[in-house]
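Student: Got a predicted structure plus its sequence, pasted below:
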Amino acid sequence: MKRKEFIKSTVAASIGFAILPRHVLGGNGFLAPSDRINLGFIGVGKQAAGLASAMNELKETMIVAASDVDSRKLSAFIKRTSEMTAAKPANNVRGYAEYRELLAAKDIDAIVVASPDHWHAMHVIDSAKAGKDIYCEKPLSLTIGEGRAMVDAVKKYKRVLQTGSMQRSMPTFRQAVNLIRNGYIGEVREVNVSVGEPVKQCDLPSMPIPDYLDWDNWIGPSLYRGYHPILSPPIEDNSWAWWRGYRGFGGGYITDWGAHMFDIVQWALDMDGAGPISFTPPPQAGDVEGLFFDYANGVRVYHKHWGKENAIQFLGTEGSIEVSRGFIETTPKPLANHVFSAKDKLVYHADNHHQDWLDAIKGRKTPIAPVEVGHRTATICNAVNIAYELQRPLKWNPKKEKFDDLFANQMIHKPYRGKWNYLDF
């Protein structure tokens, strides 16, 4: 199905969804809040396997379909999810080589986007147009421009989107954010974020394309380059695909782990609707850490290894917090287990990131990591990469979403090749 044909076939239905979602309609196709939500997966690699297991544990869900350009991964995913869902009402998981055919299926209520980053924008926007609610893995977008387009599409079609920034649903990070928001370490002046290197150009040699992989569709909207198994590993290789590290497909560790850690910084500083005002790379060309960015309130955030991996250090005038997935350490020490009182103003509480998404779908409400939040965090990650690549200080206007630099502004967007165009909504 060509994209323009898909748009024509779904736009009328999506307008109906935008007025009254199917989840609250009576009559034919009615889904009461207690009934199941049928899921379709776009992208069935390693991340999708974990998501499928987590989603299947929720009583409301039924995985009914999946799509991927790798036929062997798709077959394995269908087999595994069919076995997982056997205890639920009778179901056969369907497979699609073309994701737009999956989106055209009327029995699918919501989409889980677990494709490589360079596909996120089109998968999210097309899902929104098809009237589907969306769970999209982090980072939400490959470019700043894509992120804003995704926000606009989700709002236009009145969809519920949860970004896969699941650290917002973890107790250590919630504790840290509540402590900071309520002033328990005084005024935060410096934040150190330890994540890996920025994006780099792809220098992998081209290799023969496997017969089970539609490589042209794997590349999709990005500029074409030859196949290499590091970009899309065969199913026998259970390592993480490292398209993440290369420009045009991912954003290096800055977006891979930075999308988690910078997200918590945004949350803690109450900046979900805004962002930094400047980005300053290290003075030495080729350095892969040492960049810092500043907020208008004077808080400075450093990208550097400060002693603990994939972790954040908040330095305040009256104490400090070090936090990651496995720990929270505070000064004063008792703050780590502090019990908040009624006078404290606490942030959104979600214990299960995926259940929170389903609850938001059923209630037509905003989840803990909605599309605007995901976009703002991805914007920081992408701006950090831009500053590292241009190797000069950049001023950023978070309201207008523009730099003070001609070349940096050109990097807000990326070229789309051939028939692909994410702005077509």
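Tutor: Arrived safely, thanks for sending. What you are looking at is a predicted structure, and each value in this text was computed from that prediction instead of being measured.

Student: Do a quick rundown of the strands in the stretch 151-300 of the chain.
Tutor: 161-163, 188-194, 278-280, 292-294, 300-303 (DSSP state E, counting those that start in this stretch).

Student: Which of these has the highest mean neighbour count?
Tutor: strand 161-163 (a mean of 31; mean count of other CB atoms under 10 Å). Yep, even glycine has a C-beta here, placed from its N, CA and C like the rest.

Student: Who does it pair with, and is each partner parallel or antiparallel?
Tutor: Strand pairing for strand 161-163, using DSSP bridges, gives strand 133-136 (parallel).

Student: What lies in contact with the strand it pairs with?
Tutor: 51, 109-113, 120, 123-124, 127-128, 150, 154, 159-164, 354, 357, 361, 374 (CB atoms under 8 Å, 6 or more residues apart in numbering).

Student: now, which of the residues you listed lie within helices?
Tutor: 51, 120, 123-124, 127-128, 150, 154, 354, 357, 361, 374 (DSSP state H).

Student: quick one on the thing from earlier: quick one: closest of the strands of the stretch 151-300 of the chain to Leu423.
Tutor: Nearest to Leu423 among the strands of the stretch 151-300 of the chain is strand 161-163 (18.0 Å), distances taken as CB to CB.

Student: hmm, who's touching the closest one?
Tutor: Contacts of strand 161-163 (CB under 8 Å, 6+ apart): 124, 128, 133-138, 140, 150, 154, 353-354, 356-357, 360, 367-371, 373-374, 377.

Student: ranges for the helices of the chain?
Tutor: Using DSSP H, helices in the chain cover 3-19, 46-56, 71-84, 99-103, 120-129, 144-156, 171-181, 215-219, 252-256, 258-268, 353-363, 371-390, 406-410.

Student: Tabulate those in CSV, adding columns for mean pLDDT.
Tutor: Shown next, in CSV, are the helices of the chain (pLDDT from 0 to 100):
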stretch, mean pLDDT
helix 3-19, 47
helix 46-56, 96
helix 71-84, 96
helix 99-103, 98
helix 120-129, 98
helix 144-156, 98
helix 171-181, 98
helix 215-219, 98
helix 252-256, 98
helix 258-268, 98
helix 353-363, 98
helix 371-390, 98
helix 406-410, 98
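
Student: Relative to Trp240, which of the ones you listed is closest?
Tutor: Nearest of those (CB to CB): helix 46-56, 6.1 Å.

Student: could you give the angle of the closest one to helix 353-363?
Tutor: 60 degrees (axes from the mean of the first three to the mean of the last three CA atoms, to 10 degrees).

Student: who does helix 46-56 touch, helix- and strand-wise?
Tutor: With contacts taken as 3 or more CB pairs under 8 Å, 6 or more residues apart in numbering; DSSP states H and E, helix 46-56 sits against strand 37-42, strand 61-67, helix 71-84, strand 110-113, helix 353-363.

Student: Of all the ones you listed, which one comes closest to Asn337?
Tutor: Comparing the helices and strands packed on helix 46-56 by CB to CB, helix 353-363 comes nearest, at 23.0 Å.

Student: re earlier: just give me the closest of the ones in helices among the contacts of strand 133-136 to Leu179.
Tutor: Checking these one by one against Leu179 (CB to CB), the nearest turns out to be Gly374, at 23.9 Å.

Student: Could you find the closest non-adjacent residue to that closest one?
Tutor: Once flanking residues are discounted, Gly374 sits nearest to Thr163: 3.1 Å by CB to CB, 6 or more residues apart in numbering.

Student: beta partners for that neighbour?
Tutor: Beta-bridge partners of Thr163, as defined by DSSP bridges: Cys136.

Student: Contact partners for Pro208?
Tutor: Pro208 neighbours (CB under 8 Å, 6+ apart): Tyr227.

Student: cool, and the one 3 residues further on?
Tutor: Contacts of Asp211 were listed using CB under 8 Å, 6+ apart, and none were found.

Student: how close does it get to Glu236?
Tutor: To Glu236, Asp211 is 15 Å away according to CB to CB, to the nearest Å.

Student: Please check the contacts of strand 133-136 and keep the buried ones.
Tutor: 51, 109-113, 120, 123-124, 127-128, 150, 154, 159-164, 354, 357, 361, 374 (16 or more other CB atoms under 10 Å).

Student: for the residue lying closest to Phe292 once chain neighbours are set aside, which residues make a bridge with it?
Tutor: Using CB to CB, 6+ apart and skipping the chain neighbours, the partner closest in space to Phe292 is Tyr302 (4.7 Å). Bridge pairing for Tyr302 (DSSP bridges) gives the partners Asn192, Phe292.

Student: can you check the one 10 residues further on too?
Tutor: Here Ile312 sits in beta bridges with Val193, Val323, going by DSSP bridges.

Student: So for it, what's the pLDDT?
Tutor: Predicted confidence (pLDDT) at Ile312: the value is 98.

Student: same question, Leu31
Tutor: pLDDT, Leu31: 43.

Student: before we move on, what about the one 4 residues further on?
Tutor: As summarised for this prediction, Asp35 has a pLDDT of 80.

Student: Make residue 1 into 11 and carry on from there
Tutor: Got it, the first residue is 11 from now on, which makes the last one we talked about Asp45.

Student: what's the closest non-adjacent residue to it?
Tutor: Glu70 (7.3 Å).

Student: Could you check how far the one you found is from Ile144?
Tutor: From Glu70 to Ile144 the distance is 16 Å (CB to CB).

Student: Pick out whichever of the two has more residues nearby.
Tutor: A count of neighbours by other CB atoms under 10 Å puts Ile144 above the other of Glu70 and Ile144, at 26 against 19.

Student: Please report how far the more buried one lies from Glu67.
Tutor: Taken as CB to CB, the span from Ile144 to Glu67 is 20 Å.
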